[in-house]
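> take this sequence and fold it.
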Amino acid sequence: MANGSGALFCAGCMGYALFAQHVLGLEPCPLCILQRVAMIALGLAFFVAFLHDPGRLGARIYGVLIFLVAAIGGSVSARHFRLQNLPPDQVPDCGPGLDYMLSSFPLGETLKMVLSGSGECAKIVWSFLGFSMPAWVFACFVFLGVAGFLANQHLGKAKTAQLAGA
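Below is the predicted model of the structure:
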């Protein structure tokens, strides 16, 4: 149940990201796109764990996998949030778009450039309750990572107890 809820939560996050892009007109920067990729990967991990209904070892493995994917996404969000809070004189110059970088550079170099951020990533174009989108996405990754880890560890213990009672 928890894994299905996690998958739905990730789908809701992606739904809002697409709403913000296509309805509100907020174009995602390269770091936003990486956060989306991480959210999709996290949703897929939750969904596969939900479909698989793993045993005790599998549940623990899914818990760790979910936590690691959320940690990667959270680190990208934290980097993005940090860029948004740099003093104006320390904001990096705007770089080329992600499409151009992917077609012109090897994947490793593209990831290095994207993670270093650019001026477009430092702009705050949306906020809610005083927090920018990357701050909210960071909070979602932390919540999902911890909840997914703990729920799957609990599921693993429940499967162990179920086997012991059988």
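> residues in contact with Phe67?
In this structure, Phe67 makes contact with 145-146, 148-149, judged by Cβ atoms under 8 Å, 6 or more residues apart in numbering. Bear in mind the C-beta positions are built from the backbone N, C-alpha and C, glycine included.
> quick check on those: which are buried?
145, 148-149 (16 or more other Cβ atoms under 10 Å).
> just the ones of those residues in helices?
Members of these lying in helices (criterion: DSSP state H): 145, 148-149.
> let's have these in JSON lines, adding distance to Ala122 and pLDDT.
Formatted as JSON lines, those follow (distance: Cβ to Cβ, whole Å; pLDDT from 0 to 100):
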{"residue": "Gly145", "distance to Ala122": "25", "pLDDT": "97"}
{"residue": "Gly148", "distance to Ala122": "30", "pLDDT": "95"}
{"residue": "Phe149", "distance to Ala122": "31", "pLDDT": "96"}
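> picking that back up, can you list the buried ones among the contacts of Phe67 in CSV and add distance to Cys32?
CSV is the format used below for the buried ones among the contacts of Phe67 (distance: Cβ to Cβ, whole Å):
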residue, distance to Cys32
Gly145, 19
Gly148, 22
Phe149, 25
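> and of those, the nearest to Tyr62?
Nearest to Tyr62 among the buried ones among the contacts of Phe67 is Gly148, at 7.8 Å by Cβ to Cβ.
> does the closest one touch Ala2 like I think?
Yes. Using Cβ atoms under 8 Å, Gly148 and Ala2 qualify as a contacting pair, with a distance of 7.3 Å.
> span of stretch 47-59 from start to end?
Using Cα to Cα, to the nearest Å, one end of stretch 47-59 lies 13 Å from the other.
> let's number from 671 now, not from 1
Sure, I'll start numbering at 671, so the last one becomes stretch 717-729.
> returning to what we had before: between which two of the contacts of Phe737 is the distance greatest?
Pairwise distances across these (Cβ to Cβ) peak at 7.4 Å, for the pair Val816 and Gly818.
> quickly list what's touching both of those two.
Contacts common to Val816 and Gly818, judged by Cβ under 8 Å, 6+ apart, are 737, 740.
> contacts only, for Phe751.
802, 804-805, 808.
> residue boundaries of the strands in this structure?
In the chain, the strands defined using DSSP state E lie at 797-798, 801-802.
> quick one on the thing from earlier: from the contacts of Phe737, which is closest to Ala719?
Looking across the contacts of Phe737 and measuring by Cβ to Cβ, the closest to Ala719 is Gly818, at 8.1 Å.
> what's the spacing between that closest one and Ala741?
For Gly818, the distance to Ala741 equals 11 Å [Cβ to Cβ, to the nearest Å].
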